[in-house]
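Undergrad: Build me a model from this:
(chains A and B)
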Amino acid sequence: DAGVTQSPTHLIKTRGQQVTLRCSPISGHKSVSWYQQVLGQGPQFIFQYYEKEERGRGNFPDRFSARQFPNYSSELNVNALLLGDSALYLCASSSPGQGVREQYFGPGTRLTVT
Amino acid sequence: DAKTTQPPSMDCAEGRAANLPCNHSTISGNEYVYWYRQIHSQGPQYIIHGLKNNETNEMASLIITEDRKSSTLILPHATLRDTAVYYCIAPPGSGGSNYKLTFGKGTLLTVNP
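TA: Take a look at the predicted model:
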């Protein structure tokens, strides 16, 4: 079975622009979470969606938003990009039977803001 | 989340057992201990989790002390591919914010040939 997939792999944007990152969960997984990982730090939780509803949000500004589609794929949007938004953005999916803490991560999208 | 403390780095010889410690002295009774690892430039990978009994799977063993204040992840025969950052996480139990994982800085394990 395919794992979690994310697109694009790499992205370069300029300050002030908007970006959309995409994630497809493992087949059968209904929960998707987003994490931001800046260089040298562990991933930080941004959002979790389950059955198309937001179940949790981390300490991120309103410039960050997300949604989940009927097929359980998800998009993360970031508006008005800042240099500090440069990071690896990770998507993780989990199955209700496993518990949302047992998560399977994609390879990430490397965002560079110049 | 219970606070976890891990050494920043460890070395291990290839073929030997790697024992990665984690202190979680504030852990409560319904909080599991989870271990993930992150190989350079990849997403984190789930390894194992446990509550109070020792656990073993195809990747590793998890030893949790009787008072649950610390645990050790054991990679029985470390290979070069096990070089990674290892994260110990103790997310809240049911009724808490059980939808997120709070990653610290983890332990960078370097397996040397």
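Undergrad: is chain B contacted by stretch A:28-39?
TA: Yes - on the criterion C-beta under 8 Å from any C-beta of the partner chain, stretch A:28-39 is in touch with chain B at A:31, A:33, A:35. Any C-beta I mention is one placed from the backbone N, CA and C, and that applies to glycine too.
Undergrad: right, and the last one touches A:Pro43 too?
TA: I take that to be A:Tyr35. Yes - at 3.8 Å, A:Tyr35 counts as touching A:Pro43 under the criterion of C-beta atoms under 8 Å.
Undergrad: Common neighbours of these two, please.
TA: Residues touching both A:Tyr35 and A:Pro43 by C-beta atoms under 8 Å, 6 or more residues apart in numbering or on different chains: A:90, B:101, B:103.
Undergrad: just those now: which is nearest A:Glu75?
TA: Nearest to A:Glu75, judged by C-beta to C-beta, of the shared contacts of A:Tyr35 and A:Pro43 is A:Leu90 at 14.3 Å.
Undergrad: which residues pair with residue 23 across the strands?
TA: Using chain A here. A:Gln6, A:Ser74 (DSSP bridges).
Undergrad: meant chain B actually
TA: B:Thr5, B:Ser70.
Undergrad: Relative to B:His49, how far out is it?
TA: 17 Å (C-beta to C-beta, to the nearest Å).
Undergrad: And B:Ser41, by the same measure?
TA: 25 Å.
Undergrad: Neighbour count for those two, which is higher?
TA: Neighbour tally, B:Ser41 and B:His49, criterion other C-beta atoms under 10 Å in any protein chain shown: the higher count belongs to B:His49, 20 against 9.
Undergrad: For chain A, what lies in contact range of chain B?
TA: Close to chain B, as judged by C-beta under 8 Å from any C-beta, chain A has residues A:4, A:31, A:33, A:35, A:40-45, A:48, A:50, A:55-56, A:58, A:90, A:92, A:99-108.
Undergrad: Weed out the non-buried ones from those residues.
TA: Among these, those scoring as buried are A:4, A:31, A:33, A:35, A:42-45, A:48, A:50, A:55-56, A:58, A:90, A:92, A:99-108 (criterion: 16 or more other C-beta atoms under 10 Å in any protein chain shown).
Undergrad: Could you list the low-pLDDT ranges of chain A?
TA: Applying pLDDT under 70 to chain A picks out residues A:1, A:96-101.
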